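*Asks:* How does the following fold in three dimensions:
(one chain, ligands or ions: 2)
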Amino acid sequence: MKTIEDLDVAGRRVFVRADLNVPLSDGTITDDGRIRAVAPTIAKLVERGAKVVVASHLGRPKGAPDPQFSLAPVAARLGELLGKPVAFATDTVGESAKATVAALADGEVTLLENLRFNAGETSKDDAERTAFAGQLAELADLYVGDGFGAVHRKHASVFDLPALLPHAVGDLIATEVGVLKRLTEDVARPYVVVLGGAKVSDKVGVIENLLQKADRILIGGGMVYTFLKAQGHEVGVSLLQEDQIPTVQGYLAEAKERGVEFVLPTDVLVSTGFPDLKTKAPATFSVVGVDAIPADQLGLDIGPESCELFAAKLADAKTVFWNGPMGVFEHPDYAAGTKAVAQGLLDSDAFSVVGGGDSAAAVRILGFDETKFGHISTGGGASLEYLEGKQLPGLTALEG
Ligand SMILES: Nc1ncnc2c1ncn2[C@@H]1O[C@H](COP(=O)(O)OP(=O)(O)O)[C@@H](O)[C@H]1O
Ligand SMILES: O=C(OP(=O)(O)O)[C@H](O)COP(=O)(O)O
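*Replies:* Ligands and ions are numbered 1, 2, ... in the order given. A predicted model of the protein is given here:
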């Protein structure tokens, strides 16, 4: 792959596909880790006199503008980090984008509005995606792929656009891939994988491959209820991926055969509703065994006994990969499980990789020193699919 150093960027419009999908609360960025991670790439291009056109998705809008997913707050924060204003285009390929890019002087930066406000970005139809990529290509002369968190997505700006412009890999992707490669080679054992979070349908599939690599797999977060249901427990109104139950039953059986230890929580925190993440008003919840989840309640964190169990299962680890919070950590009453896993990683002498927008944010928001972990990756799904050995569209596109 070519790197930024291989491109002659001075005076040219350089499109940087970043992953600026940061957590927001009422329009305020609660963790700017992903912006800080790509800022050095942008600063390097600025220094070399490029006209920098930054683009990203934020959240999962439905292919049309939706103000709650605007990147405007991100433009302001990126400007602070770069120490220079970032002109914000209020659309992605329309009049505002064209005018903002045309007005860029050498060394100036613009951020386009959310790529996913356009149906072509995520379309499964090749022609529709290519057409949108063509509109993006009109805004630039060169392409730099540096949105590691989105490299597993076959989306227009990730996969189709680099085919239309001379391209290079950015420094963030290069660093991320360099570290993750270590986990695909000879890992120190026990190798423990911890999975949680909310993107269950996206991430359950990676377990098939992890069964061949890991010694122990700990499951928490929203992912756990599909496992508990697969074991015959009732899970009330918890997050559940019903169609994945047979698959999960297959994983549990295969783990037994292969001698891979599956660790599920023994207790969980349950409540009748989701907590208020804006006011963070104290929640009403109870601790129940996983065989006693009430029919009208949902699980929101692993329980205290499970926190101890998970910490013990991490204690002797020599390598850990962790993706997905153990509970709805954004609310203080449901943060204990995620804290216990983060602390467990620090208490072990394992080389630990924490991956995922929310997992990385959780570590920082809960007050842990990120430098104490082996690596904090900006990609959750992306790093999981990389570890699976899958071809990632956003990396394939940067080859050649
Ligand atoms: N039991 C649960 N029910 C619903 N959501 C959960 C549960 N546990 C964790 N979550 C949510 O999962 C989200 C993070 O999931 P995900 O996006 O998969 O992680 P990452 O961004 O680290 O890859 C958090 O916003 C958290 O509130
Ligand atoms: O947050 C992201 O992924 P992650 O939650 O797996 O880390 C990326 O920005 C990709 O977003 P997507 O899963 O909506 O395609």
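*Asks:* Return the residues of the stretch 51-200 of the chain in contact with ligand 1.
*Replies:* For the stretch 51-200 of the chain, the residues in contact with ligand 1 (C-beta under 6 Å from any ligand atom) are Gly196, Gly197, Ala198, Lys199. Where C-beta positions appear, they are placed from N, C-alpha and C, glycine not excepted.
*Asks:* The last one is in contact with Leu384, isn't it?
*Replies:* No. Look at Lys199 against Leu384 with C-beta atoms under 8 Å: they stay out of range, at 9.8 Å.
*Asks:* the more surrounded of the two?
*Replies:* The residue with more neighbours, out of Lys199 and Leu384, is Leu384; 28 against 17, by other C-beta atoms under 10 Å.
*Asks:* could you say what helices and strands the host helix or strand of that one packs with?
*Replies:* In the assignment (DSSP states H and E), Leu384 maps to helix 381-388. With contacts taken as 3 or more C-beta pairs under 8 Å, 6 or more residues apart in numbering; DSSP states H and E, helix 381-388 sits against helix 171-184, helix 200-203, helix 206-210, strand 319-323, strand 351-355.
*Asks:* Kindly reformat the ones you listed as a markdown table containing mean neighbour count and distance to ligand 2.
*Replies:* Converted to a markdown table, the helices and strands packed on helix 381-388 look like this (neighbours: other C-beta atoms under 10 Å; distance: least, C-beta to the nearest ligand atom, whole Å):
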| stretch | mean neighbour count | distance to ligand 2 |
| --- | --- | --- |
| helix 171-184 | 18 | 12 |
| helix 200-203 | 18 | 6 |
| helix 206-210 | 19 | 11 |
| strand 319-323 | 27 | 7 |
| strand 351-355 | 24 | 7 |
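*Asks:* how about these in JSON lines, adding mean pLDDT?
*Replies:* Shown next, in JSON lines, are these (pLDDT from 0 to 100):
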{"stretch": "helix 171-184", "mean pLDDT": "94"}
{"stretch": "helix 200-203", "mean pLDDT": "90"}
{"stretch": "helix 206-210", "mean pLDDT": "91"}
{"stretch": "strand 319-323", "mean pLDDT": "96"}
{"stretch": "strand 351-355", "mean pLDDT": "95"}
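*Asks:* Please convert those to JSON lines, extending it with distance to Arg77.
*Replies:* Converted to JSON lines, the helices and strands packed on helix 381-388 look like this (distance: least, C-beta to C-beta, whole Å):
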{"stretch": "helix 171-184", "distance to Arg77": "17"}
{"stretch": "helix 200-203", "distance to Arg77": "27"}
{"stretch": "helix 206-210", "distance to Arg77": "31"}
{"stretch": "strand 319-323", "distance to Arg77": "25"}
{"stretch": "strand 351-355", "distance to Arg77": "22"}
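*Asks:* which residues touch the residue of the stretch 301-400 of the chain found nearest ligand 2?
*Replies:* Per C-beta to the nearest ligand atom, Gly380 is where the stretch 301-400 of the chain lies closest to ligand 2, at 2.9 Å. By C-beta atoms under 8 Å, 6 or more residues apart in numbering, the residues touching Gly380 are Gly149, Gly197, Lys199, Lys203, Asn323, Gly324, Gly355, Gly356, Gly357, Asp358, Ser359.
*Asks:* For it, grab phi and psi.
*Replies:* The phi/psi pair for Gly380 (degrees, to the nearest 10) reads phi -90, psi -70.
*Asks:* Now look at stretch 136-149 and say if it contacts ligand 2.
*Replies:* Yes. Stretch 136-149 lies within reach of ligand 2 by C-beta under 6 Å from any ligand atom, at Gly149.
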